[in-house]
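Engineer: Sharing a model that was predicted from the sequence below.
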Amino acid sequence: MKLKATPSVFLAVLLAAAMLVPARPAQAQEQAPVALTGTLAKARETGAITIGYRESSVPFSYLNARKEPIGYSIELCRALVTAIEDAVNKSLTIKWVPVTPDSRIDAVASGKVDLECGSTTNNLERQKRVSFSPTMFVSGTKVLVKKGSPIKSFRDLAGKKVAVTAGTTNEKTLRDLSEKFKLNIDLRVARDHAESFALVKSGQADAFATDDVLLYGLIAQDAAKGNYEVVGDFLSYDPYGIMYRKDDPQLNKLVIDTFQVLAEDGEIHRQYKRWFLRKLPSGESINLPMSAQLETIIQTMSVKSE
């Protein structure tokens, strides 16, 4: 005999079939959020990010007339803070802490600051203690002198008083050059770049050796800028990066991913033009076009890794 299919029969069949399908666990339906660790966990808990800034690294990180940190590195760090806010799903307060070339690495390694936004060279020795963002600038050691100085190259520094800033790669470069070529350079070590420049201005040093872009920045800011010049060939290679703590994989990935986006959408180029080609808040311009080397680095950075 043929049974007639009624609505109640269909409902019974559907209910029976549903009982045979195992229920999906809640976590399979909605992926659980990844637990925050390291700096991101700290930011979520405290509601703040601490940024180490420099007071006289023009135009990377320095103080404006209102004593507020500004500059190329500061703007890139602000972009990182925005990315961190998105990652922790919380608005964050920026706490500003001044650092010097001599104190900056310890400040990052100890946790005193979360990001160091200045003009810091990324090298193998420093990588033993801290991590670095992708390269945001490429510079090298040159020498600043008063116009009319007989110093035209590093060999002319023999027996001369040369200012360097404590804790910089430039200090080591000059010590190594002096020893290698028997120059007997009399190094005058200052606390920061402004003090090093002041030694030349006052006649207490014959020259000041640091990264060329910083020298151009200091000259551009000085009322008597026509009295100084940068001379000689590059004495070192110095790729700059933002510093942050080692062994923090979540922050490391965020920094790398953020720089990739900043390179891809042109923000790094826009910030470069703002700080190196246009007038600074003081009214002067460094007028330093982007090097072909940095152009290539940014182009490579903009490509997403598979």
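Structural biologist: Thanks, I have it.
Engineer: List the residue ranges of the protein that fall below the pLDDT cut-off.
Structural biologist: For the chain, applying pLDDT under 70 flags the ranges 1-33, 306.
Engineer: Skip the chain neighbours and tell me the closest residue to the residue nearest the centre of it.
Structural biologist: The residue lying closest to the centre of the chain (Cα atoms, centre = their mean) is Ile242, at 2.3 Å. Nearest residue to Ile242 in three dimensions, chain neighbours excluded: Ser133, at 4.0 Å (Cβ to Cβ, 6 or more residues apart in numbering). For glycine as for every other residue, the C-beta is placed from the backbone atoms N, C-alpha and C.
Engineer: what do you get for Val99?
Structural biologist: Gly52 (4.1 Å).
Engineer: Report the contact partners of the one you found.
Structural biologist: By Cβ atoms under 8 Å, 6 or more residues apart in numbering, the contact set of Gly52 is 97-99, 104, 107-108, 112-113, 115-118, 243.
Engineer: Can you identify each of the helices in the stretch 201-306 of the chain by residue range?
Structural biologist: Ranges of helices in the stretch 201-306 of the chain, per DSSP state H, counting those that start in this stretch, are 212-221, 249-264, 267-272, 292-301.
Engineer: Need the winner for burial among these.
Structural biologist: Greatest average neighbour count among the helices of the stretch 201-306 of the chain goes to helix 212-221 (a mean of 23), per mean count of other Cβ atoms under 10 Å.
Engineer: you'd agree the residue nearest to Ile242 is up against Tyr240?
Structural biologist: No - using Cβ atoms under 8 Å, Ser133 is not in contact with Tyr240; the gap is 9.1 Å.
Engineer: The closest residue to Tyr237 other than its chain neighbours: neighbour count?
Structural biologist: Nearest non-adjacent residue to Tyr237, counting by Cβ to Cβ, 6+ apart: Gly140, 5.5 Å away. If you count neighbours by other Cβ atoms under 10 Å, Gly140 ends up with 18.
Engineer: List the contacts of Gly140.
Structural biologist: Remark: with contacts taken as Cβ under 8 Å, 6+ apart, Gly140 is in contact with Asp211, Asp212, Phe234, Leu235, Ser236, Tyr237, Asp238.
Engineer: quick revisit: dihedrals phi and psi, the residue nearest to Ile242?
Structural biologist: With angles defined as degrees, to the nearest 10, Ser133 sits at phi -70, psi 170.
Engineer: next one: the one 3 residues further on
Structural biologist: The phi and psi torsions at Met136 (degrees, to the nearest 10) take the values phi -110, psi -10.
Engineer: How many neighbouring residues does the closest residue to it other than its chain neighbours have?
Structural biologist: Nearest residue to Met136, sequence neighbours excluded (Cβ to Cβ, 6+ apart): Tyr240, at 5.6 Å. By other Cβ under 10 Å, 24 other residues sit near Tyr240.
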